[in-house]
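*Asks:* following is a predicted model, sequence given first.
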Amino acid sequence: MAYTELVKNFNRIRDYMREFYVYGFKSREEYTRKSARSYDDERRRIESWLGDYMRFRRTAEGKNVFLSIDSRISHHNPLYKAWKTKSFTDGDITLHFVIMDIMEMTEEALPVSEIAEKIDEYLSAFPEPRVFDESTVRKKLKEYVKEGLLETEKHGKILYYKKAAECDCYNKDILDFFSETAPCGVIGSFLLDRRKLQEENQKKKDSCQRQKYKEKFAFKHHYITSAIDSEILCQLFQAIHEKRSIIVETIQKEKEHCSENKIIPLKILISVQGGRQYLMAYVPRFKRMNAFRIDNIVSVKFDKVSDRFDELRDRLEKMKPHIWGVSTQNHANSRMETVEFTVHYEKGEEHIHHRLEREKRCGSVEKIDDHTSRFYAEVYDATELIPWIRTFICRITDIHISNIIVETQFKRDLEKMYQLYGIGGEEK
């Protein structure tokens, strides 16, 4: 079969991009889930989209591929290109242009029977014209109504179709910012492409040359990898909007098998530190709230509307003042854990107190004196605070965590660090 850049099953592309460019730089020899032929085909396809951003590194294990993107130069997410390469059958592409051409030339709405007749007339000019039955045309029209390309109006019992009104009020700066910062930003990228096409067509009509658009936004922290999860994220937003329970298929950490869970999706949380996206949902089987990494969700199936959605959403809102990250239950299964530590800083280091105030989230900060501040929080899982607490090492004078296991581990890690650097004992 000839190699093609276009794709019909995006899940397969998502899996390869995640495996090689997001999670971890595997070499061809290390990837054993598919055949070497499949790997080569997918690699070439992805390379055709991202060739300008791909780099190679040779190690003892083989050649590894990775992405290298300079945000000073690249203002737009290159992974959006993967969403703009869908494949079509000959019939799909023929019907698309013929239907759009017919709708463009017709101001009045038409029934499906008349559209089918016009398609036959249109194609009769070809030596070997294709024939589309009315049911095929109806399915395609229904698809375009769902996509927003066409609109319907009912005359008696008959449904009439017409081209949807175009909106040219999109502000390019708004689309530019939205596409790079918002969840499902790929929608903004599509609209931005459309806006650019409209301007290019207008430029051809105008006698004067318009000034080239200058990019206004650049991002120091540009979290691009969530682009490949846009379809899953869009389905989750739809389920939340409709207050519907869903069945999610998630891949396990070891990547060996998938599991299914029936859940009630409640809210999407996005980390401002790493851009990772989580779904907060209620799991009836376990009778508890749980967080699901969206990049671990393989598929979403819609189920019935849940009559408990509002009740569970209120419960989550009440829990939020005690959620530091996304965990709603600690390993010891106790309902709440306390974290308290004191930091000391010298004159001219008041920014330490300001940083505590800025980053305290659901905790509280008390200024004891000009050089001492105390942080206190009641959370479901104290382990989520540990990476943040570590950033205050060398300034912490006292720390107490109600979960003894977490506190002991934290202090043990400090002791190992002291030994490594020869602090607090005789240097060897």
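*Replies:* Here it is on my side, so go on. Numbers count the residues shown, from 1 in each chain.
*Asks:* residue boundaries of the helices in the protein?
*Replies:* 10-17, 36-50, 90-105, 112-123, 134-147, 172-181, 186-205, 230-241, 309-319, 351-359, 386-390, 404-421 (DSSP state H).
*Asks:* quick one: closest of those to K84.
*Replies:* Evaluated with Cβ to Cβ, the helices of the chain place helix 186-205 nearest to K84, the distance being 7.7 Å. Every residue, glycine included, has its C-beta placed from N, CA and C.
*Asks:* give me the buried positions along that closest one.
*Replies:* Using 16 or more other Cβ atoms under 10 Å as the test for burial, helix 186-205 gives V186, I187, G188, S189, L191, L192, R195.
*Asks:* distance check, the last one against N261.
*Replies:* Think R195. 40 Å (Cβ to Cβ, to the nearest Å).
*Asks:* my read: I102 touches D120, true?
*Replies:* No. I102 is beyond contact range of D120, at 11.2 Å (criterion: Cβ atoms under 8 Å).
*Asks:* which of the two has more residues huddled nearby?
*Replies:* Set I102 next to D120 and count neighbours by other Cβ atoms under 10 Å: I102 wins out with 18 against 14.
*Asks:* next one: that one from S135, what distance?
*Replies:* Distance from I102 to S135, by Cβ to Cβ: 18 Å.
*Asks:* one more: T94?
*Replies:* 16 Å.
*Asks:* tally of neighbours for A239?
*Replies:* With other Cβ under 10 Å as criterion, A239 counts 26.
*Asks:* and the gap between A227 and I423?
*Replies:* Taken as Cβ to Cβ, the span from A227 to I423 is 44 Å.
*Asks:* so for those two, which residue has more residues nearby?
*Replies:* For A227 versus I423, neighbours defined as other Cβ under 10 Å are more numerous around A227 (23 against 11).
*Asks:* returning to that earlier point: just give me the closest of the buried residues of helix 186-205 to R374.
*Replies:* Nearest to R374 among the buried residues of helix 186-205 is G188, at 43.7 Å by Cβ to Cβ.
*Asks:* tell me the contacts of the closest one?
*Replies:* Contact analysis of G188 by Cβ atoms under 8 Å, 6 or more residues apart in numbering lists L175, D176, F178, S179, E180, A182.
*Asks:* OK, contacts around the residue minimising distance to the centre of the chain?
*Replies:* Here the mean C-alpha position of the chain is nearest to the C-alpha of S226 (Cα atoms, centre = their mean), at a distance of 3.3 Å. The neighbours of S226, taking Cβ under 8 Å, 6+ apart as the test, are P183, L233, G275, R276, Q277, I294, D295.
*Asks:* hey, what's V365 bridged with?
*Replies:* Taking DSSP bridges as the rule, V365 bridges to F375.
*Asks:* pretty sure L316 is touching L266, no?
*Replies:* Yes. Here L316 reaches L266: they are 5.1 Å apart, a contact under Cβ under 8 Å.
*Asks:* so between these two, which is more surrounded?
*Replies:* Taking other Cβ under 10 Å, L316 and L266 do not tie; L266 has more neighbours (21 against 16).
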